[in-house]
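Asker: A structural model of the following input is requested.
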Amino acid sequence: MHPPSDFIEIFLQPGEFYFGGENTRIRTLLGSCIAITFWHPQARLGGMCHFLLPRRPDPAPRGRLDGRYGDEALLWLIREAVAHRTDPGKYEIKVFGGGNMFPGSGASGRGEVGLRNIERAFRLLGAYGLSVAAKHVGGYGHRNLIFDVWSGHVWLKFVRTDGQGPG
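Answerer: Alright, predicted model coming up:
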């Protein structure tokens, strides 16, 4: 599927999220962070969040959601789906990231942040009753991600950092 002639391209920094229509391409770069994509095939709507940590360490102040935390970033995506008069359960959901950026650093005993992010993402999605259509998580390395909202396609380049060859 060819991109629309007037598409816009959004690059998400850690802690950001975006939701848009079929003229949108969303990019991000992931290490231990997680990106969750939502795509509605009939409405041609979609969004992506890029969170850094599973949850906020302190109670959240009332008001605006903070995209740095998995629980708040996912809630924001769900609210956007509802605000666009769509059912979050009708979205195709994909999960990426949670890589270990430092091979050989050893286990800390508390678990590395990438693994905690992966666990939190799937736990939250399950708590909301949302199914995951595809995933590419974990491993040693980082990911470049491109999400075309007009088609729902997600393009991924995984760059390994453990010296084991291409990802």
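Asker: Spell out, range by range, the helices that occur in this protein.
Answerer: Along the chain, counting by DSSP state H, helices occupy 70-83, 113-127.
Asker: how about TSV for those helices, with mean pLDDT and distance to Leu12 added?
Answerer: From N, CA and C alone the C-beta is placed, and that goes for glycine too. Below are the helices of the chain laid out as TSV (pLDDT from 0 to 100; distance: least, Cβ to Cβ, whole Å):
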stretch	mean pLDDT	distance to Leu12
helix 70-83	97	10
helix 113-127	96	15
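Asker: OK, contacts around the residue nearest the centre of the chain?
Answerer: Centroid-nearest residue in the chain, with Cα atoms, centre = their mean: Ala35, separated by 1.5 Å. Ala35 is in contact with Leu12, Thr28, Met48, Cys49, His50, Val95, Phe96, Gly97, Leu145, counting by Cβ atoms under 8 Å, 6 or more residues apart in numbering.
Asker: Next: Thr86.
Answerer: Thr86 makes contacts with His40, Ala43, Leu45, as judged by Cβ under 8 Å, 6+ apart.
Asker: From those residues, keep the buried residues only.
Answerer: His40, Leu45 (16 or more other Cβ atoms under 10 Å).
Asker: export the helices of the chain to a markdown table and tack on mean neighbour count and distance to Pro59?
Answerer: Converted to a markdown table, those look like this (neighbours: other Cβ atoms under 10 Å; distance: least, Cβ to Cβ, whole Å):
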| stretch | mean neighbour count | distance to Pro59 |
| --- | --- | --- |
| helix 70-83 | 20 | 12 |
| helix 113-127 | 18 | 17 |
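Asker: Let's have those in CSV, adding distance to His153.
Answerer: Formatted as CSV, the helices of the chain follow (distance: least, Cβ to Cβ, whole Å):
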stretch, distance to His153
helix 70-83, 18
helix 113-127, 20
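Asker: Find me the pLDDT at Phe102, would you?
Answerer: Looking at Phe102, its pLDDT reads 75.
Asker: Can you tell me the closest non-neighbouring residue to it?
Answerer: In this structure, Phe102 finds its nearest non-sequential neighbour in Thr161, 7.9 Å apart by Cβ to Cβ, 6 or more residues apart in numbering.
Asker: Tell me, how many residues neighbour that neighbour?
Answerer: For Thr161, the count of nearby residues is 17 (other Cβ atoms under 10 Å).
Asker: dump the residue contacts of Val95.
Answerer: Val95 sits next to Ile34, Ala35, Ile36, Ile118, Ala121, Phe122, Leu125, Val132, Ala134, Lys135, His136, Val137 when contact means Cβ under 8 Å, 6+ apart.
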